[in-house]
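# show me the folded form of this:
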Amino acid sequence: MIKIKNLKKQYGTDSAACIVLNKINLELPEKKFIAITGKSGSGKTTLINMI
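As a prediction, the model looks like this:
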């Protein structure tokens with residue numbers, strides 16, 4: 001199982017930050033097929049790369 005708690009990703013500095021992922025919490029079970037869906041630019045690839 002993969003557990004993710006309070007995952008955050010931002011680009012830029014604190015004063016001019018672009019928050020891409022904010023407080024993401026997931027539990028992904030073993031041996032299951034998972035689909036991540038969403039609009040273009042919503043952070044799907046960033047999430048997968050961080051995992």
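# quick check: G12 touching C18?
Yes: using C-beta atoms under 8 Å, G12 is in contact with C18, at 5.5 Å. From N, CA and C alone the C-beta is placed, and that goes for glycine too.
# how about the strands of this protein, start to end?
2-11, 18-28 (DSSP state E).
# direction included, what does the first one pair up with?
Think strand 2-11. When pairing is defined by DSSP bridges, strand 2-11 lines up against strand 18-28 (antiparallel).
# in the partner strand, what's buried?
Neighbour-count burial for strand 18-28, counted by 16 or more other C-beta atoms under 10 Å, picks out 20, 24.
# and that strand, how far out from the chain middle?
Remark: strand 18-28 is offset 4 Å from the chain centroid, using C-alpha atoms, centre = their mean, to the nearest Å.
# try stretch 40-51
5 Å.
# for it, buried residues please.
So for stretch 40-51, counting by 16+ other C-beta under 10 Å, buried means 43, 47.
# one more: stretch 8-15?
Across stretch 8-15, burial judged by 16+ other C-beta under 10 Å covers no residue at all.
# next, the contact list for the closest residue in space to P29 that isn't next to it in sequence, please.
Nearest residue to P29, sequence neighbours excluded (C-beta to C-beta, 6 or more residues apart in numbering): M1, at 5.8 Å. Counting by C-beta atoms under 8 Å, 6 or more residues apart in numbering, M1 touches 27-30.
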